[in-house]
Structures are given as structure tokens and as C-alpha cells.
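Q: A predicted structure for the sequence below; I have some questions about it.
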Amino acid sequence: MPASSASSTDRILGGLSTIGQAVHQPRLHERLLRAAGIRLDRAGASLLAKLDGHGAEPPRVTALAERLSVDTPTVTRKLQQLERLGLVARSDDPGDKRAHRIRLTARGRSTLARLVTARRSWLDQLLEGWSEEDRTTFAALLERFTTRLAEELDGPRGN
């Protein structure tokens with residue numbers, strides 16, 4: 001169906017599908033890593049980003065596993081790898097002697113910052129030729145949409 005005759009909802013669904021496919025392509029991840037000058041798999045990069053966005057208190061391994069929707073042993077293995085690379089560090093949880101808290105090291109923050117810079121550069125290339133007004137409008141609408149999406153996903157289960 002031509003874009004002019006498709007409903008706005010169908011056009012949005014198509015756009016979201018294209019975005020979802022694009023951002024999960026291993027080829028794009030590799031390109032961004034090369035641009036950032038780092039060697040790290042997608043799972044490692046995702047874990048660093050989750051640690052960065054977690055807040056002031058370093059999270060437990062179980063909280064990271066939940067945020068990534070994977071099991072705890074999977075996160076533990078990845079964290080061990082990142083720890084060997086000097087990107088994360090573990091500390092004992094003062095509230096639970098059996099648990100550990102995970103934090104980014106200075107090297108981990110630097111690695112993540114380089115990856116974020118590469119992503120921004122890539123996005124700037126995609127938006128090349130867009131007016132500042134179009135960029136601002138797109139950012140505002142996308143923020144509005146993602147806020148609503150987060151509310152929907154974080155809402156009561158079973159609805």
C-alpha cells in the first residue's frame with residue numbers, strides 16, 4: 001500500500017519495525033564499535049548501558065538480570081568477562097553478605113562514552129539535511145511516544 005493511502009498507525013508500525021530491525025543488526029553494532037575504537041559484544045555493551053542508567057546505588061546482579069530479561073547466571077558470566085576487561089567492579093552488598101553490587105569502572109565509563117559518541121555521530125548522519133525545527137519536533141514527539149510506551153510497559157501486569 002502506498003504511503004499516501006496507508007493510515008498513520010500503519011505508517012508508524014512500519015517505521016517502528018524498520019527501526020527495530022536496524023538497531024538490532026549485528027552489522028550496525030560492529031560498525032559503531034569500530035567507530036568508537038572498542039571491542040565489545042552487544043551483550044557487554046548493553047550491560048554497560050544498563051549499569052550507567054541504573055542510578056546512584058550500584059545494582060545487584062539479580063536486578064541487572066531482571067532489567068535485561070535474562071537469567072542471573074547469564075549476567076554473572078558476562079559480568080565476569082567485563083570485570084576481566086576492567087570495565088566493571090564488584091563490591092559486597094552491605095545489606096546481604098551473599099550478594100554483590102556492580103559498578104562501572106572509570107575504564108567502563110570511558111568505553112561507554114565512546115560508544116555513545118559513535119551512536120550520536122551515526123544518528124547525526126541519518127538526520128543530515130533535517131532542519132533544526134524538524135529535529136526538535138521529531139525529538140519532542142519521540143520523547144512523548146517513548147514516555148507513553150514506558151508507562152504502558154511498566155504498568156500493571158495482565159492488562
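A: Here it is on my side, so go on. Numbering: from 1, shown residues only.

Q: Please list the outside residues in contact with the lengthiest strand in the chain.
A: Counting residues, the longest strand found in the chain (DSSP state E) is strand 96-104. Applying C-beta atoms under 8 Å, 6 or more residues apart in numbering, the external contacts of strand 96-104 come out as 48, 51-52, 57-62, 64, 79, 87-93, 112. All C-beta atoms are positioned from the backbone trio N, CA, C, and that covers glycine.

Q: Going through those residues, which ones are buried?
A: With burial judged by 16 or more other C-beta atoms under 10 Å, the buried subset of those is 48, 51, 58, 59, 60, 61, 64, 79, 87, 88, 89, 112.

Q: And for the longest helix along the chain, what's in contact with it?
A: What stands out as the longest helix in the chain, according to DSSP state H, is helix 132-154. Contact with helix 132-154 is made by 127, 130, as judged by C-beta under 8 Å, 6+ apart.

Q: Got the phi and psi for residue 83?
A: Per-residue torsions, residue 83: phi -70, psi -40 (degrees, to the nearest 10).

Q: burial of it, as a residue count?
A: Residue 83 has 15 neighbouring residues, counting by other C-beta atoms under 10 Å.

Q: Give me the local confidence score for it.
A: Model confidence at residue 83, given as pLDDT, is 93.

Q: same thing with residue 70?
A: Residue 70 is assigned 87 on the pLDDT scale.

Q: hang on, it is in a strand, isn't it?
A: No. According to DSSP: H, G, I helix; E, B strand; the rest coil, residue 70 belongs to no strand; its state is coil.

Q: Not counting residues beside it along the chain, what's closest to residue 107?
A: Using C-beta to C-beta, 6 or more residues apart in numbering and skipping residues adjacent in sequence, the residue nearest residue 107 is residue 86, 4.8 Å away.

Q: and the one you found, what does it touch?
A: 105, 107, 108.

Q: for this protein, which spans come out with low pLDDT?
A: 1-5, 54-55, 156-159 (pLDDT under 70).

Q: ranges for the helices of it?
A: According to DSSP H, the helices that the chain contains are 8-23, 26-36, 42-52, 61-68, 72-84, 106-126, 132-154.

Q: want to throw those helices into CSV with distance to residue 97?
A: CSV is the format used below for the helices of the chain (distance: least, C-beta to C-beta, whole Å):
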stretch, distance to residue 97
helix 8-23, 40
helix 26-36, 37
helix 42-52, 22
helix 61-68, 14
helix 72-84, 17
helix 106-126, 25
helix 132-154, 31
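
Q: That's all I had, so thanks and see you.
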